[in-house]
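[1] Predicted model and sequence below, questions to follow.
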Amino acid sequence: MKLLVVGSGGREHALAWRLAQSERVHRVWVAPGNGGTAREPKLQNLPLTGIDELAEFAQREQIAFTVVGPEAPLAAGIVDHFRERELRIFGPTRAAAQLESSKDFAKAFMKRHGIPTAAYETFTDAAAARAYVEGRGAPIVVKADGLAAGKGVVVATSVGEACAAIDAMLLDNRMGSAGARVVIEDFLEGEEASFIVMVDGRNVLALASSQDHKRLLDADQGPNTGGMGAYSPAPVVTPEIHAKVMREIILPTVNGMARDGIPFSGFLYAGLMIDGAGQPRTLEFNCRMGDPETQPIMARIRSDLASVFEKALDGRLDQAEITWDRRTALGVVLAAHGYPDEPRKGDPITGLPVNGNAPDSDCLVFHAGTTEVDGRILTSGGRVLCVTGLGDSPKIAQARAYQGIDAIRFDGMQFRRDIGHRAIARKR
Ligand code: AMP
Ligand code: GLY
């Protein structure tokens, strides 16, 4: 069968690479793909991004099913559109994708269904928002309601900083329509984890837990980014906490969406804050897999992933199972010069594997912001590569990833040297 993966990041490279390992899969088209998917056996880039043209392609090529990586096409209704044409596609409808595309929708939903999350209020009026912040005190968190590519959240340590964020979003229109409404919520303390599940509208299959590193610099300093590295599993998600997350967050969300008449299908990603007493609370929902969390998660899958998607598309996820490599997988992002503000493009990259990633390698190089030009790979975006090591402990997985990085060079390359530090500290 032929499959289609929509997107061009490290997440989509990892997904397509794992899907291609199924013997029944002959080709995975990646639209538009990147320099890494261009070189991978069985993967082929497809220079299309419009929903109509993708649907036409899927129809013409008799694509067995499509998997959507990023949130933007989901929020734009790609799933509704494909379904109207009776094309099989894994992802939420535009209405269900509001769990990610509107923070106000997600917060109101959680409140209505008793799902643990920080207390909040939503505002369109700056004076009212400021008054709320003054009453509540700092630290406090100001979030743009709409999609803001990871730039819409300000964790304010003072009332002044929170008010500046409110003014930037509501008065100065700094985030455009995404910031025309703001959610203001209490600051939560604890350790973060990414909890991602597959949903078929009713049944849930949990993927392995993971943890991302959002800040640019070592020791979680510097500006927020899309994610500078991730590993799986995340030891903070103990079996007890896993059960609690399923019982108190994931199942009530899936059941609540169904009851509200907007059943959720696709990847559901709960960004969690787990406090010292082991209580998880939802910081945010995403309606897709995480990037870079997908890279270590895909590195650990030992099952035929295409069959899992088929079960999901048939509404039979209750009959699906995934076998996991019990080792830790740990991915380190190599970012371009100037990332996250103004990433430079066009730097040649050397030292990359030539023929893609072997299925059983313990060091995998997933591409994101890269492009192939005349046989050379050049940087073409902020997060360039994610080098993912596998090992019997977080420490060994970390060493494998950094060994892999030793061979790779491009001008201005930036990366963190401490990916996995929480897991490593815990294991001691
Ligand atoms: P979000 O996009 O909503 O996940 O927020 C981005 C980052 O901001 C999260 O990964 C957290 O590190 C931080 N954050 C968001 N909400 C809160 C909160 N209520 N308390 C503490 N930190 C938060
Ligand atoms: N790595 C965080 C995200 O994908 O949202």
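    Arrived safely. Numbers count the residues shown, from 1 in each chain. Ligands and ions are numbered 1, 2, ... in the order given.
[2] Ligand 2 contacts on the stretch 251-400 of the chain?
    Contact residues (C-beta under 6 Å from any ligand atom) of the stretch 251-400 of the chain with ligand 2: 286, 290-291, 293. Heads up, the C-betas are built off the backbone N, CA and C, glycines and all.
[3] Where strands are concerned, which of these count?
    Mapping these onto strands (DSSP state E) picks out N286.
[4] The residues of the stretch 251-400 of the chain next to ligand 2 also near ligand 1: which ones?
    Near ligand 1, judged by C-beta under 6 Å from any ligand atom, there are no entries from those.
[5] Name the nearest of the residues of the stretch 251-400 of the chain next to ligand 2 relative to ligand 2.
    Closest approach between these and ligand 2, by C-beta to the nearest ligand atom: G290, at 3.5 Å.
[6] what does the stretch 151-300 of the chain put close to ligand 1?
    Counting by C-beta under 6 Å from any ligand atom, the residues of the stretch 151-300 of the chain that sit close to ligand 1 are 153, 155, 185, 187-188, 192, 214, 271, 283-284.
[7] and with 5 Å instead?
    153, 185, 187-188, 271, 283-284 (C-beta under 5 Å from any ligand atom).
[8] what about dumping the CA coordinates of stretch 398-405 to CSV?
    Listed in CSV are the C-alpha atoms of stretch 398-405, where the atom choice follows Å, rounded to 0.1, in the frame of the first residue of the first chain:
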residue,chain,number,x,y,z
GLN,A,398,22.4,10.4,25.8
ALA,A,399,26.0,9.4,25.1
ARG,A,400,24.9,7.7,21.8
ALA,A,401,23.1,10.8,20.7
TYR,A,402,26.1,13.1,21.4
GLN,A,403,28.5,10.6,19.8
GLY,A,404,26.2,10.8,16.7
ILE,A,405,26.4,14.6,16.8
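[9] Give the buried residues for that stretch.
    Neighbour counts over stretch 398-405 (16 or more other C-beta atoms under 10 Å) mark 398, 400-402, 404-405 as buried.
[10] Mind putting those residues into JSON lines with secondary structure, distance to P73 and pLDDT?
    Formatted as JSON lines, the buried residues of stretch 398-405 follow (DSSP: H, G, I helix; E, B strand; the rest coil; distance: C-beta to C-beta, whole Å; pLDDT from 0 to 100):
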{"residue": "Q398", "secondary structure": "helix", "distance to P73": "34", "pLDDT": "98"}
{"residue": "R400", "secondary structure": "helix", "distance to P73": "34", "pLDDT": "98"}
{"residue": "A401", "secondary structure": "helix", "distance to P73": "30", "pLDDT": "98"}
{"residue": "Y402", "secondary structure": "helix", "distance to P73": "34", "pLDDT": "98"}
{"residue": "G404", "secondary structure": "helix", "distance to P73": "31", "pLDDT": "97"}
{"residue": "I405", "secondary structure": "helix", "distance to P73": "31", "pLDDT": "98"}
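[11] Which residues are in contact with A129?
    123, 166, 170, 182, 184 (C-beta atoms under 8 Å, 6 or more residues apart in numbering).
[12] That one falls within a strand, correct?
    No: in this structure, A129 is helix, not part of a strand, as judged by DSSP: H, G, I helix; E, B strand; the rest coil.
[13] start the count at 219, not 1, going forward
    Sure thing, new numbering starts at 219, so read that last one as A347.
[14] neighbours of Q439, just the number please.
    A count of neighbours around Q439, defined by other C-beta atoms under 10 Å, yields 9.
[15] Give the phi and psi angles for F485, as a check.
    For F485, the backbone dihedrals are phi -80, psi 130 (criterion: degrees, to the nearest 10).
[16] dump the residue contacts of the closest residue to it other than its chain neighbours.
    Leaving out its chain neighbours, the residue that sits closest to F485 by C-beta to C-beta, 6 or more residues apart in numbering is M507, at 4.8 Å. Listed by C-beta under 8 Å, 6+ apart, the contact set of M507 reads 229, 233, 287, 414, 485, 487, 515.
[17] The second one contacts G287, correct?
    Yes: under the criterion of C-beta atoms under 8 Å, L233 lies in contact with G287, with a separation of 6.6 Å.
[18] which residues are common contacts for these two?
    223, 507.
[19] Spatially nearest residue to the residue nearest the centre of the chain (excluding sequence neighbours)?
    A centroid search over the chain (C-alpha atoms, centre = their mean) returns G508, at 1.3 Å, as the residue closest to the centre. The spatially closest residue to G508, leaving aside those adjacent along the chain, is S412, at 5.0 Å (C-beta to C-beta, 6+ apart).
[20] shouldn't the one you found be in contact with P510?
    No: S412 lies out of contact with P510 (C-beta under 8 Å); the separation is 10.0 Å.
[21] is it possible to export the residues of the stretch 369-518 of the chain next to ligand 1 to TSV including secondary structure?
    TSV is the format used below for these (three-state DSSP):
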residue	secondary structure
V371	strand
E403	strand
F405	coil
L406	coil
G489	strand
L501	strand
E502	strand
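[22] in a helix, that's where L469 is, yeah?
    Yes: in this structure, L469 lies within a helix as judged by three-state DSSP.
[23] residue contacts, it?
    L469 makes contact with V422, according to C-beta under 8 Å, 6+ apart.
[24] quick revisit: closest to ligand 2 among the contacts of A347?
    V400 (19.3 Å).
[25] My guess is that closest one contacts L388. True?
    Yes: if you go by C-beta under 8 Å, V400 and L388 touch, sitting 6.2 Å apart.
[26] Who has more neighbours out of these two?
    V400 (28 against 24).
[27] any idea how far T597 is from ligand 2?
    Per C-beta to the nearest ligand atom, to the nearest Å, T597 is found 20 Å from ligand 2.
[28] so what's that residue scoring on pLDDT?
    Looking at T597, its pLDDT is 98.
[29] Just give the closest residue to it, not the sequence neighbours.
    Nearest to T597 is D565, by C-beta to C-beta, 6+ apart, at 4.5 Å.
[30] So the closest residue to ligand 1 within the stretch 419-568 of the chain versus P334, what's the distance?
    The minimum distance from the stretch 419-568 of the chain to ligand 1, using C-beta to the nearest ligand atom, falls at E502 (3.5 Å). Distance of E502 to P334, computed by C-beta to C-beta, to the nearest Å: 13 Å.
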